[in-house]
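Novice: Return a 3D structure for these sequence lines:
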Amino acid sequence: MDERLKVYEEKMTKSYDAMIRELTAIRAGRANPHVLDKLKVDYYGTPTPIQQVGNISVPEPRMLQIQPWEKSLIKAIEKAIMTSDLGITPSNDGTVIRLVFPELTEERRKDLVKDIKKKGEAAKVAIRNIRRDANEAFKKQNKANEISEDDMKDLETKTQKMTDKYIADIDKAVEEKSKEIMTV
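Specialist: This next block holds a predicted model:
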């Protein structure tokens, strides 16, 4: 790959990866440990990801179980879950915390799909902005006689192909996640 394109490819990859991380945090009707990825617990004064202070398991399709390595963390973990935007009330028996995911209503599923599509659109806009920045940079290089007209056209064509690939990947990811949400 052309070195001049590499920096833009990296930016597009980062935009795509960020969208994928956001999509994995959206919960379907099933319990998915990734919904806890963004949550941090106060662990001896340090905000620490829940995955690093306990064991997370999925004993049933709609239940997550968190077993902290230290019993003293139960209250802190519950607080992190309560103050998050998960919308689930944790319950504990003194040793483990259970999160029961309610069945999603049809209306809630449709709202989630809208949200997924918005995230997909935002990612596509980011990709297109990167393409625009790349094309502007190539035009400047051409004006400054650093690259020829043919090189500029070639770089713009390659950038467009890269853009098309990422937009197709985003559409595919949005489609898959939407299907997952709408499947009862």
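Novice: Strands along this structure, start to end?
Specialist: With DSSP state E as the criterion, the chain has strands at 40-43, 46-49, 54-60, 63-68, 91-92, 97-100.
Novice: how about those strands, which one is nearest residue 172?
Specialist: For the strands of the chain, proximity to residue 172 was assessed by Cβ to Cβ; strand 54-60 is nearest, at 25.7 Å. Every residue, glycine included, has its C-beta placed from N, CA and C.
Novice: contacts for that closest one?
Specialist: Outside strand 54-60, the residues that touch it by Cβ atoms under 8 Å, 6 or more residues apart in numbering are 31-33, 36, 50, 64-69, 73, 77.
Novice: With respect to residue 128, which of those is nearest?
Specialist: Ranked by distance to residue 128 (Cβ to Cβ), the contacts of strand 54-60 are led by residue 32 at 30.1 Å.
Novice: Count the residues that sit near that closest one.
Specialist: By other Cβ atoms under 10 Å, 17 other residues sit near residue 32.
Novice: contacts for stretch 102-116?
Specialist: 23, 26, 28, 29, 62, 88, 174, 177, 178, 181, 182.
Novice: List the buried residues for that stretch?
Specialist: 104, 109, 112, 113, 116 (16 or more other Cβ atoms under 10 Å).
Novice: same deal with stretch 162-173?
Specialist: Neighbour-count burial for stretch 162-173 [16+ other Cβ under 10 Å]: 162, 163, 166, 167, 169, 170, 173.
Novice: Could you give the separation between the terminal residues of stretch 56-64?
Specialist: Length of stretch 56-64, first residue to last, Cα to Cα, to the nearest Å: 7 Å.
Novice: buried ones in it?
Specialist: In terms of neighbour count (16+ other Cβ under 10 Å), stretch 56-64 has its buried residues at 56, 64.
Novice: Repeat that for stretch 172-184.
Specialist: Going by neighbour count (16+ other Cβ under 10 Å), the buried part of stretch 172-184 is 173, 174, 177, 178, 180, 181.
Novice: Kindly state the pLDDT recorded for residue 130?
Specialist: You'll see residue 130 listed with a pLDDT of 95.
Novice: who touches it in this structure?
Specialist: 8, 11, 12, 15, 163.
Novice: Now flag whichever of these is closest to residue 149.
Specialist: Comparing these against residue 149 with Cβ to Cβ places residue 8 closest, at 19.8 Å.
Novice: how far away is the closest one from residue 146?
Specialist: Distance, residue 8 to residue 146, by Cβ to Cβ, to the nearest Å: 17 Å.
Novice: Show me which of these two is the more surrounded one.
Specialist: residue 8 (23 against 12).
Novice: That one reaches residue 158, doesn't it?
Specialist: No. Using Cβ atoms under 8 Å, residue 8 is not in contact with residue 158, being 9.5 Å away.
Novice: Could you name every residue contacting both of these two?
Specialist: Here residue 8 and residue 158 have no joint contacts, going by Cβ under 8 Å, 6+ apart.
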